[in-house]
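Chemist: Sequence first, then the predicted structure:
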Amino acid sequence: MKLNFLKAKVPFSVYIIVFVLILLAGILNLIFNKPSSFIDYKDSAIKECIKECNKAIVVGTILTDGPCLSEEIVEGWACDVAHKPNIDLIDNNPNNQCKLYNKKNIPHLVTVTQNCTLISTK
């Protein structure tokens, strides 16, 4: 007994539909799996924030108040100084924090100590 269905011709339109579906899947993958700025710029943000902190020390900026060093050190990242452990009166004072981060205009934050060591990234 021969299997005649194996020799059946596939209509050209099926090839077109399969091609379009594969193309659409690729486009959707690019759109929805795009890396976030957290991943893209995290390492740069940390390095630049530490560098900015060291510059502030060299020029004599007082860091004990926990100032915001940069509202946007790299794309999507602010740079702030805080204490470790946290001193609520200073570190939670909005005057000492990055305003764009608090207003949610900048999504991510690098926090360093007064000695320019990394505390956290968020």
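Modeler: Cool, got the structure.

Chemist: And the strands in this protein, which stretches?
Modeler: 68-74, 77-81, 108-112, 118-121 (DSSP state E).

Chemist: Quick one: residues in contact with the last one.
Modeler: Here strand 118-121 makes contact (CB atoms under 8 Å, 6 or more residues apart in numbering) with 42, 45-46, 50, 82, 84, 108-113. C-beta here means a position set from N, CA and C on the backbone, and glycine is covered the same way.

Chemist: For this protein, name the helix or strand with the lowest mean pLDDT.
Modeler: helix 88-91 (a mean of 72; mean pLDDT, DSSP states H and E).

Chemist: circling back: by neighbours, which of the contacts of strand 118-121 wins?
Modeler: Among the contacts of strand 118-121, the one with the most neighbours (other CB atoms under 10 Å) is residue 110, at 30 neighbours.

Chemist: and it, what does it touch?
Modeler: By CB under 8 Å, 6+ apart, the residues touching residue 110 are 45-46, 49, 73, 77-80, 118, 120-121.

Chemist: Just the buried ones among those residues, please.
Modeler: 45-46, 49, 73, 77-80 (16 or more other CB atoms under 10 Å).

Chemist: is it possible to export those to CSV including distance to residue 23 and pLDDT?
Modeler: Below are the buried ones among the contacts of residue 110 laid out as CSV (distance: CB to CB, whole Å; pLDDT from 0 to 100):
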residue, distance to residue 23, pLDDT
45, 35, 90
46, 38, 92
49, 41, 90
73, 39, 85
77, 35, 91
78, 39, 89
79, 42, 90
80, 44, 90
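
Chemist: Tell me the one of those residues nearest residue 64?
Modeler: In terms of CB to CB, no member of these lies closer to residue 64 than residue 80, at 13.7 Å.

Chemist: thinking again about what came up before, which secondary structure elements does the least confident helix or strand of the chain sit against?
Modeler: Helices and strands touching helix 88-91, as assessed by 3 or more CB pairs under 8 Å, 6 or more residues apart in numbering; DSSP states H and E, are absent.
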